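Asks: sequence below, structure please.
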Amino acid sequence: MGILHDDVVIITEPEKEGDPSVITINCPDKTGLGCDLCRIILFFGLSIVRGDVSTDGKWCFLVFWVVGNSGTRWDLLKRRLMETCPSFSSASGISFYRYELQPPKPPDVFLLKFCCYDRRGILHDVTEVLCELELTIKKVKVSTTPDGKVMDLFFVTDTRELLHTNKRKDEVSDHLKAATGNAMISFDIEMVGPEITACSQSSSFLPSVLMEDMFHLEMPDERPSGVVTSSSVSVNMDNSLSPGHTLVQIICKDHKGLLYDIMRTLKDYNIQISYGRFSTKQRRNCEIDLFIMQADGKKIVDPSKQNALTSRLQMELLRPLRVAVVSKGPDTELLVANPVELSGKGRPLVFHDMTLALKMLDTGIFSAKIGRHLVKDREWEVYRVLLDEGDGLPVPRNKIEEGVWKMLMGWE
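Replies: Got it, this is the predicted structure:
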């Protein structure tokens, strides 16, 4: 028995402008599937305004109502969602889905070298091109020379797995030239070996004064002053409404990637969602009901486990990312950190949104780095941007921190 692969993902575009598009997914279940699907939807710049999820542990049915990006390539989105579902094979001429027998091979990593003349916003323009071409930025190092040139080093993977071909390299080069015009000086792409890319931890120093505030994982009794967070989050658990499941009820303010943040947290805790409903109410308030169980098929009855999961969900929804603007000697540095899933995947579009916010604030970038740090037994992806203060910052530090935070949360 199987399902025709064309019916695994069905996308229905709205009949009226302003209405949401509907994504329906019907396929075998697998651990963390909801998280992986939400990450792809987030990568395509879409927001989930409503969702229904149900599974018996073997087969799942998901419906997402999405809004956001008028230029969405729906055919490409469908293809990426299908690839995330358990892969399909062919038997007797009929394609159907089956479970993965072996884990996928890690993608090849390429070093993209791009040199150009500096101007405000050019790093965002380059980043936007890479995102549109489905190149995932794993690490980056950007530096500005005294003569006004910028050298960008991007370690990227290619979702389309074609970056080893000259045709794909030419496509990237042409798009970068179109976006930067006469500013482009040189461009090169080469594959790099595992000895260069297998460094999950960054060796660069993180300011110790920030370690406690930025990477705190427990709910504090009071929020530290100056720490950027979301508004209040309510998480309640109830074991009385279902004989086999724990009901988790969440009420919070909507933000970009909200459902992804919930799904990745449950995935890291190895929690299975049997049924879930998500909806956005007036003034961006969200209500989420999830019937969940542990990996052993039982509800969560241990109070310590309930408290641990409740606390982590509250923290991940209050502070899905960490943002701070700090002094680095005489300079000013912007730091953004987001937790990496246990699978090793990070949140999409963070660097894109950071650079867009700085471009809109008319704030220049002198240098930038992306690295991964292991802090308190958890891996974080840390983005460090040294701001160009030439004639002084055009806006106060707190406005930069607020502007970047709002862009990352989708509140701009």
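Asks: every contact and neighbour count from this point should use C-alpha atoms.
Replies: Fine.
Asks: Three-state assignment for Leu130, please.
Replies: Here Leu130 is recorded as helix under DSSP: H, G, I helix; E, B strand; the rest coil.
Asks: I am assuming it contacts Thr136, so please confirm or correct that.
Replies: Yes. Applying Cα atoms under 8 Å, one finds Leu130 in contact with Thr136, separated by 7.4 Å.
Asks: which residues of this protein score low on pLDDT?
Replies: 1-6, 87-104, 194-231, 282-283 (pLDDT under 70).
Asks: show me where it has its helices.
Replies: 33-43, 74-84, 122-132, 166-180, 194-197, 208-214, 258-268, 303-318, 350-360, 397-409 (DSSP state H).
Asks: so which of the ones you listed is nearest Pro106?
Replies: For Pro106, the closest of these is helix 194-197, at 10.4 Å, according to Cα to Cα.
Asks: grab the nearest non-local neighbour of Leu393.
Replies: Thr363 (6.8 Å; Cα to Cα, 6 or more residues apart in numbering).
Asks: quick one on the thing from earlier: would a markdown table of the helices of the chain with mean neighbour count and distance to Val156 be doable?
Replies: Formatted as a markdown table, the helices of the chain follow (neighbours: other Cα atoms under 10 Å; distance: least, Cα to Cα, whole Å):
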| stretch | mean neighbour count | distance to Val156 |
| --- | --- | --- |
| helix 33-43 | 21 | 15 |
| helix 74-84 | 15 | 18 |
| helix 122-132 | 19 | 9 |
| helix 166-180 | 16 | 12 |
| helix 194-197 | 10 | 10 |
| helix 208-214 | 12 | 26 |
| helix 258-268 | 22 | 22 |
| helix 303-318 | 17 | 27 |
| helix 350-360 | 21 | 13 |
| helix 397-409 | 20 | 21 |
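Asks: and those helices as TSV, adding distance to Phe278?
Replies: Converted to TSV, these look like this (distance: least, Cα to Cα, whole Å):
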stretch	distance to Phe278
helix 33-43	13
helix 74-84	20
helix 122-132	28
helix 166-180	38
helix 194-197	38
helix 208-214	29
helix 258-268	8
helix 303-318	15
helix 350-360	24
helix 397-409	18
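Asks: among these, which comes closest to Leu387?
Replies: Closest among the helices of the chain, using Cα to Cα: helix 350-360, at 9.2 Å.
Asks: Val63 bridge partners, please.
Replies: Thr24, Asp52 (DSSP bridges).
Asks: thought Gly51 was touching it, still the case?
Replies: Yes. Counting by Cα under 8 Å, Gly51 is a contact partner of Val63 at 5.6 Å.
Asks: who touches Lys298 in this structure?
Replies: 244-245 (Cα atoms under 8 Å, 6 or more residues apart in numbering).
Asks: give me that answer again for 10 Å
Replies: 243-246, 292 (Cα atoms under 10 Å, 6 or more residues apart in numbering).
Asks: from the residues you listed, which land in strands?
Replies: Counting by DSSP state E, the part of those found in strands is 246, 292.
Asks: adding distance to Lys256, write the contacts of Lys298 out as a markdown table.
Replies: Below are the contacts of Lys298 laid out as a markdown table (distance: Cα to Cα, whole Å):
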| residue | distance to Lys256 |
| --- | --- |
| Pro243 | 34 |
| Gly244 | 32 |
| His245 | 28 |
| Thr246 | 26 |
| Ile292 | 23 |
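Asks: and the helices of the chain: which comes nearest Leu342?
Replies: Closest approach to Leu342 among the helices of the chain is made by helix 258-268 (6.1 Å; Cα to Cα).
Asks: next, the angle from that closest one to helix 397-409.
Replies: 80 degrees (axes from the mean of the first three to the mean of the last three Cα atoms, to 10 degrees).
Asks: ok, now which ones touch the residue positioned nearest the centre of the chain?
Replies: Taking Cα atoms, centre = their mean, the centroid of the chain lies closest to Arg347, which sits 2.2 Å from it. Contact partners of Arg347, counting by Cα under 10 Å, 6+ apart, are 39-40, 42-43, 257, 260-261, 264, 320-321, 338-341, 381.
Asks: circling back: out of the helices of the chain, which gets nearest to Ile25?
Replies: helix 74-84 (8.5 Å).
Asks: contacting residues around that closest one?
Replies: So helix 74-84 is in contact with 5-13, 23, 25-27, 33-34, 36-41, 43-44, 88, 97, 159-160, going by Cα under 10 Å, 6+ apart.
Asks: tell me the buried residues in stretch 47-67?
Replies: Across stretch 47-67, burial judged by 16 or more other Cα atoms under 10 Å covers 47-55, 60-67.
Asks: quick one: buried residues of stretch 267-278?
Replies: 267, 271-278.
Asks: also stretch 381-400?
Replies: Those would be 381-388, 393, 397, 400, for stretch 381-400 by 16+ other Cα under 10 Å.
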